[in-house]
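A.B. asks: Please work out how this folds:
(one chain, ligands or ions: 1)
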Amino acid sequence: MKEELLKIESETLANIQKAGDLRDLEQIRVATFGKKGAITNASKVMGSLTAEERPAFGQMVNQLKNQLEEALNAKWADLEAKEQVAAMAAEVIDVTMPGRAASMGKKHPMTVVTEEICDIFLSMGYEIVHGPDVETDYHNFEALNIPKNHPARDEQDTFYVEGGHVLRTQTSPVQIRKMEEGKLPIAIVAPGKVFRSDEVDATHSPVFHQLEGLVVDKGIHMGHLKGALNTLAKSLFGDDAKTRFRPHHFPFTEPSAEMDVSCFACGGDEKKVSGCRVCKGEGWIELLGCGMVHPNVLQNCGIDPEEYSGFAFGMGLERIAMQRYNIDDMRLLFENDVRFLSQF
Ligand code: DAH
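C.D. replies: Below you'll find the predicted structure:
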């Protein structure tokens, strides 16, 4: 019996020694400890021994088992380390291979246009401010002279948020927030996202961008408004750009106007205008809404309309970006396809 165990010991240790890789070693493990392995078979002999013989034999089997396990584990660690070193050596690094250049991002056309317009107003001494995208009904409508059942609310249906808040439909509430701070005079522009429950198509999106402007001081009149907006038009579209103001209605300004700029493709030139695709033969392109701040709005913000007056304007930024870059579908500005964006 003992000879049998010694034989298992010497043969198994020799095999472990000879094992060339982890797969060999795994076979040895199965042949030794597996269901039909040598150690398992040796243990079965126990049944045929007398009660006196059993403890000594059992101890011998256990010792052998431990010894072989240790030898197997040591060899396993050794072979594993060797295989790792071999794998690393096989991986050849060509230090002369050129690196992969990190691709540089670019500014989104909307960002470029927004920054360009902000810069124009910064150069005129305006401050750039921001308001929240989620607004109170009061700031978005009420304070802007648009009470609960005013028809202007129909055109600006929006997304209502819990707690009586709305996703702002316009950047005009930033006017209110600025005036509420109580510091005069004011000269600000406020760019940002606005939201309306519009269906998506080539010229509509439920989220788009506007830029709001507000000036409040003593003695501000329509001439200041025209001066500022003419400067904007010429800076954006060149010195030849002309503007025209058409009477319009906005609840928060009185009087109100829409400002058009002469078409930058045909210049409104009599000979070219009829076939012009940019202005569709009009010679003019609508750019923004504007007007003198309504006395009710000033009053809502604690400003005395007898002492102070102001002008305001608001424009959509997508349209300017689309015209500037000849983009015919607004969805392209939101899909963020890199193939589109990398053209700018
Ligand atoms: N908030 C208006 C809109 O979304 C745009 C606008 C018109 C803003 C006239 C103004 C303004 O500040 O004076 O249609």
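
A.B. asks: who's in contact with residue 318?
C.D. replies: Residue 318 makes contact with 110, 205, 208-209, 330, 333, according to Cβ atoms under 8 Å, 6 or more residues apart in numbering. Glycine gets a C-beta too; all of them are placed from N, C-alpha and C.

A.B. asks: And residue 313, by the same measure?
C.D. replies: 212-213, 225, 228-229, 259, 288-291.

A.B. asks: Phi and psi next, for it.
C.D. replies: phi -150, psi 160 (degrees, to the nearest 10).

A.B. asks: thinking again about what came up before, among the contacts of residue 318, which one sits closest to the ligand?
C.D. replies: Nearest to the ligand out of the contacts of residue 318 is residue 208 (Cβ to the nearest ligand atom; 9.9 Å).

A.B. asks: picking up where we left off before, next, check the contacts of residue 318 against the strands and list the overlap.
C.D. replies: With DSSP state E as the criterion, strands contain 208-209 from among these.

A.B. asks: Please produce TSV containing the contacts of residue 318, extended by neighbour count and pLDDT.
C.D. replies: Output for the contacts of residue 318, formatted as TSV (neighbours: other Cβ atoms under 10 Å; pLDDT from 0 to 100):
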residue	neighbour count	pLDDT
110	18	97
205	18	94
208	20	97
209	22	98
330	19	94
333	21	96
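
A.B. asks: Let's have the contacts of residue 318 in JSON lines, adding distance to the ligand.
C.D. replies: Output for these, formatted as JSON lines (distance: Cβ to the nearest ligand atom, whole Å):
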{"residue": "110", "distance to the ligand": "17"}
{"residue": "205", "distance to the ligand": "14"}
{"residue": "208", "distance to the ligand": "10"}
{"residue": "209", "distance to the ligand": "11"}
{"residue": "330", "distance to the ligand": "16"}
{"residue": "333", "distance to the ligand": "18"}
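
A.B. asks: what does the average pLDDT come to for whatever helix or strand residue 11 lives in?
C.D. replies: If you go by DSSP states H and E, residue 11 is part of helix 2-18. The average pLDDT within helix 2-18 is 89.

A.B. asks: any idea which helix or strand comes after that helix?
C.D. replies: helix 22-33.

A.B. asks: for the next helix or strand after that next one, which positions count as buried?
C.D. replies: Downstream of helix 22-33, the first helix or strand assigned by DSSP H and E is helix 38-44. Across helix 38-44, burial judged by 16 or more other Cβ atoms under 10 Å covers 38-39, 42.

A.B. asks: buried sites along the helix or strand following helix 38-44?
C.D. replies: With elements assigned by DSSP H and E, the helix or strand that comes after helix 38-44 is helix 53-90. Using 16+ other Cβ under 10 Å as the test for burial, helix 53-90 gives 57, 60-61, 64-65, 68, 71-72, 75-76, 79.

A.B. asks: Was I right to think residue 49 contacts residue 57?
C.D. replies: Yes - counting by Cβ atoms under 8 Å, residue 49 touches residue 57, with 5.9 Å between them.

A.B. asks: For the two, list the residues in contact with both.
C.D. replies: Here residue 49 and residue 57 have residue 1 as joint contacts, going by Cβ under 8 Å, 6+ apart.

A.B. asks: about what we covered before: would you reformat the contacts of residue 313 as a markdown table and include distance to the ligand, neighbour count and pLDDT?
C.D. replies: As requested, the contacts of residue 313 are exported to a markdown table (distance: Cβ to the nearest ligand atom, whole Å; neighbours: other Cβ atoms under 10 Å; pLDDT from 0 to 100):
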| residue | distance to the ligand | neighbour count | pLDDT |
| --- | --- | --- | --- |
| 212 | 5 | 24 | 98 |
| 213 | 7 | 26 | 98 |
| 225 | 9 | 23 | 98 |
| 228 | 12 | 19 | 98 |
| 229 | 11 | 22 | 98 |
| 259 | 10 | 23 | 98 |
| 288 | 7 | 23 | 98 |
| 289 | 3 | 22 | 98 |
| 290 | 5 | 25 | 98 |
| 291 | 5 | 24 | 98 |
